[in-house]
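In: the amino acid sequence is not available; the structure is as follows:
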């Protein structure tokens, strides 16, 4: 799923690093994929998927669904399609803010 997201952004994994396991690099904006990532990178902050937040250093933070969460649904149900549309709309918002 991450490969599809990167491709849709017209980027490559090298030019759009979106998964960090070590120290977070400095940036003006972060996309946080799921509540577990939110707890790791922004402990104490709360938000709902699709919501823009302000990080402790003034950076924009978008919380969205974890790809693993979406994959748990398995079959393409109406509920899953709704969540995917919400996630896609949020990611398009990132691209608009970057322009």
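Out: It's in. Note that the structure is a prediction, hence the values are computed from the model and not measured. Numbers count the residues shown, from 1 in each chain.
In: all strands for the protein, in order.
Out: If DSSP state E is used as the criterion, the strands of the chain fall at 29-33, 52-54, 60-64.
In: pick out the shakiest of the ones you listed, pLDDT-wise.
Out: Sorting these by mean pLDDT places strand 29-33 lowest, at a mean of 89.
In: next, the angle strand 60-64 makes with that strand.
Out: On the basis of axes from the mean of the first three to the mean of the last three C-alpha atoms, to 10 degrees, strand 29-33 is oriented at 20 degrees to strand 60-64.
In: what comes up buried for strand 29-33?
Out: 30-33 (16 or more other C-beta atoms under 10 Å). (Glycine included, C-beta is placed from N, CA and C.)
In: also stretch 60-78?
Out: So, applying 16+ other C-beta under 10 Å, buried residues of stretch 60-78: 61-67, 69-70.
In: again, but for stretch 90-99
Out: Taking 16+ other C-beta under 10 Å as the criterion, stretch 90-99 shows 90-91, 94 as buried.
In: and if you look at stretch 35-49?
Out: So, applying 16+ other C-beta under 10 Å, buried residues of stretch 35-49: 37-38, 42, 47, 49.
In: looking at the chain, which helix or strand is least sure?
Out: The helix or strand of the chain with the poorest confidence is helix 2-8; it has a mean of 69 (mean pLDDT, DSSP states H and E).
In: residue boundaries of the helices in the protein?
Out: Assigned by DSSP state H, the helices in the chain fall at 2-8, 35-41, 67-71, 78-98.
In: as a markdown table, those with distance to residue 56 would be great.
Out: Shown next, in a markdown table, are the helices of the chain (distance: least, C-beta to C-beta, whole Å):
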| stretch | distance to residue 56 |
| --- | --- |
| helix 2-8 | 26 |
| helix 35-41 | 10 |
| helix 67-71 | 25 |
| helix 78-98 | 19 |
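In: which stretches of the protein have low pLDDT?
Out: Low-confidence segments of the chain (pLDDT under 70): 1-3, 5-6, 8-9, 13-22.
In: kindly recompute the last result at 90.
Out: 1-29, 33-37, 39-41, 56-57, 66-76, 79, 84, 87-88, 91-99 (pLDDT under 90).
In: just to revisit the earlier point, distance to residue 79 added to the strands of the chain, as a markdown table?
Out: Below are these laid out as a markdown table (distance: least, C-beta to C-beta, whole Å):
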| stretch | distance to residue 79 |
| --- | --- |
| strand 29-33 | 19 |
| strand 52-54 | 24 |
| strand 60-64 | 16 |
